[in-house]
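Trainee: model the structure of this input:
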Amino acid sequence: PSKIVLRKTFTVGHGYDSEASDREEDPLVETHMILRFKPGAEAEYVRSKIEAKGPMEGVSIKFKDPRNAVVRVQNKLFAAKLVDLPTITETFKTFDKKNIYKVADVCQMLLVGDRISHEDTVVAIPTQPKDFVYPHGLTPPLRYVRQRRFRKRASAKTIETVEKEVDRLLALDARAEQTTYTIMDKEQLRREQSQTPDEEGQHGQNGYDDVDEAMELQEGSDYEDLAAELEAALDSPAASGYGTPLARDTPGPTGIATPDAAASASEEGSSDGSDVGSDEDEDISKEQIERKTGQKVLREGVASLQEVIANQKAEIDRAINPIMKQRLITRLRKFEAELETKMAEIEE
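Mentor: Predicted structure coming up:
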């Protein structure tokens with residue numbers, strides 16, 4: 001005769017999957033999640049109830065399906081959805097404020113949304129699986145952490161190319177007589193490059209250095225052009241004050257100065273005097289040209305700095321991270337101080 005053995009079917013992972021006769025009963029499993037409200041009176045009410053550690057009167061959560069729920073706060077209904085967090089947060093508890101015991105891993109959050117009029121509203125709205133994947137962490141530094149953490153990885157070919165380039169540069173440094181290097185912060189360089197505008201003449205946060213460099217180059221080129229013009233003017237016969245010598249300007253055969261020779265001598269004397277005056281005029285005009293050139297360069301620098309300050313203020317308004325915002329404000333103050341200095345130089 002055949003023998004039939006009946007065994008109870010256990011769900012894998014549900015309690016203890018032991019077939020021993022003296023096995024334990026299924027233990028209680030705690031599942032923790034984070035409840036997040038929008039700022040408002042309801043959030044303050046729930047917080048006060050939690051801090052009081054009493055019964056949660058007036059607060060209830062009812063799940064309509066595994067992902068959508070209805071949260072009731074003081075007879076007000078709110079739609080909520082259970083989202084998956086990109087991070088895992090451990091929760092602990094203590095009984096004597098000395099020993100701490102781990103309780104659970106929090107990886108989901110019940111995100112409370114807008115107020116609704118009926119409970120069936122939460123399931124009437126069509127949803128997609130991506131709607132329940134939360135892109136941010138729990139703290140401001142973890143904003144868009146899912147996108148930053150799971151970004152595209154560099155391929156092995158790219159890594160090999162970079163390593164070969166580094167070896168080539170090190171070999172060139174070894175053969176060079178003298179080398180210099182600068183230590184750069186990767187994150188700061190990336191932020192400056194992302195905040196630097198394109199080649200349309202606008203300046204980003206590091207545009208101040210570019211403005212100074214452009215001013216120096218322009219000032220040098222203007223000075224060279226000015227020197228070339230002055231040199232050409234000094235070399236011309238009209239500017240020298242001397243004309244072409246005439247035959248009657250030469251002394252007579254007897255060695256006695258003729259009236260024409262005397263007149264020529266007087267003209268030479270007056271010409272010498274005019275040379276001194278023309279040199280002084282040239283010095284004055286040169287100083288005026290240099291002063292005008294300097295004023296022009298200062299005005300262009302002021303205009304560029306004003307544009308940089310405007311862009312910096314726009315970056316401050318768009319900044320969300322408090323630490324980054326404070327750095328931008330510090331840099332803005334430096335630009336404003338430099339602008340005041342240049343304005344004072346222009347007024348002088």
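Trainee: show me how the record splits the chain into domains.
Mentor: Annotated domains of the chain cover 34-149, 190-239+277-347 [automatic domain parsing].
Trainee: TSV for these, including mean neighbour count, distance to residue 178 and mean pLDDT?
Mentor: No exception for glycine: its C-beta is placed from N, CA and C like everyone else's. Shown next, in TSV, are the domains of the chain (neighbours: other C-beta atoms under 10 Å; distance: least, C-beta to C-beta, whole Å; pLDDT from 0 to 100):
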stretch	mean neighbour count	distance to residue 178	mean pLDDT
domain 34-149	13	40	92
domain 190-239+277-347	13	24	68
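Trainee: isn't residue 73 up against residue 56?
Mentor: No. Contact criterion C-beta atoms under 8 Å: residue 73 and residue 56 do not qualify, at 10.0 Å.
Trainee: and whichever strand or helix holds residue 162, average pLDDT?
Mentor: Counting by DSSP states H and E, the element that carries residue 162 is helix 156-175. Mean pLDDT, helix 156-175: 90.
Trainee: please identify the buried residues of it?
Mentor: Applying a neighbour-count criterion of 16 or more other C-beta atoms under 10 Å, helix 156-175 contains no buried positions.
Trainee: not counting its own residues, what contacts that helix?
Mentor: Residues outside helix 156-175 that contact it (C-beta atoms under 8 Å, 6 or more residues apart in numbering) are residue 179.
Trainee: sorry, back to before: just put the domains of the chain in JSON lines and tack on distance to residue 162.
Mentor: What follows is the domains of the chain, written out as JSON lines (distance: least, C-beta to C-beta, whole Å):
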{"stretch": "domain 34-149", "distance to residue 162": "21"}
{"stretch": "domain 190-239+277-347", "distance to residue 162": "16"}
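Trainee: restrict the helix holding residue 162 to CA atoms and write it as PDB.
Mentor: The C-alpha coordinates for helix 156-175 follow below in PDB (Å, rounded to 0.1, in the frame of the first residue of the first chain):
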ATOM      1  CA  ALA A 156      37.400  50.600 -19.000                       C
ATOM      2  CA  LYS A 157      38.700  52.100 -22.300                       C
ATOM      3  CA  THR A 158      38.300  55.600 -21.000                       C
ATOM      4  CA  ILE A 159      40.100  54.700 -17.800                       C
ATOM      5  CA  GLU A 160      43.000  53.200 -19.800                       C
ATOM      6  CA  THR A 161      43.200  56.300 -22.000                       C
ATOM      7  CA  VAL A 162      43.400  58.600 -19.000                       C
ATOM      8  CA  GLU A 163      46.100  56.400 -17.400                       C
ATOM      9  CA  LYS A 164      48.200  56.500 -20.600                       C
ATOM     10  CA  GLU A 165      47.900  60.300 -20.800                       C
ATOM     11  CA  VAL A 166      49.000  60.600 -17.100                       C
ATOM     12  CA  ASP A 167      52.000  58.400 -17.800                       C
ATOM     13  CA  ARG A 168      52.900  60.500 -20.800                       C
ATOM     14  CA  LEU A 169      52.700  63.700 -18.900                       C
ATOM     15  CA  LEU A 170      54.800  62.200 -16.000                       C
ATOM     16  CA  ALA A 171      57.400  61.200 -18.600                       C
ATOM     17  CA  LEU A 172      57.500  64.700 -20.000                       C
ATOM     18  CA  ASP A 173      57.900  66.100 -16.500                       C
ATOM     19  CA  ALA A 174      60.800  63.800 -15.800                       C
ATOM     20  CA  ARG A 175      62.600  65.000 -19.000                       C
END
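Trainee: give the other helices and strands that whichever helix or strand comes after it contacts.
Mentor: Tracing the chain C-terminally past helix 156-175 and defining elements by DSSP H and E, one meets helix 186-195 next. If contacts are counted by 3 or more C-beta pairs under 8 Å, 6 or more residues apart in numbering; DSSP states H and E, helix 186-195 sits against no helix or strand.
Trainee: can you show me the CA trace of helix 186-195 as CSV?
Mentor: Below are the C-alpha coordinates for helix 186-195, written out as CSV (Å, rounded to 0.1, in the frame of the first residue of the first chain):
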residue,chain,number,x,y,z
LYS,A,186,37.9,68.5,-8.1
GLU,A,187,34.5,69.5,-6.7
GLN,A,188,35.3,73.2,-6.7
LEU,A,189,36.6,73.0,-10.3
ARG,A,190,33.5,71.2,-11.4
ARG,A,191,31.3,73.8,-9.8
GLU,A,192,33.2,76.7,-11.4
GLN,A,193,33.1,75.1,-14.8
SER,A,194,29.3,74.5,-14.5
GLN,A,195,28.7,78.1,-13.4
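Trainee: circling back to that earlier point, can you tell which of the domains of the chain is closest to residue 184?
Mentor: Ranking these by proximity to residue 184 (C-beta to C-beta) places domain 190-239+277-347 first, at 9.8 Å.
Trainee: tell me the contacts of the closest residue to residue 73 other than its chain neighbours?
Mentor: The shortest distance from residue 73 to any non-neighbouring residue, by C-beta to C-beta, 6 or more residues apart in numbering, is to residue 42 (4.5 Å). Residue 42 makes contact with 73-74, 76, 78, according to C-beta under 8 Å, 6+ apart.
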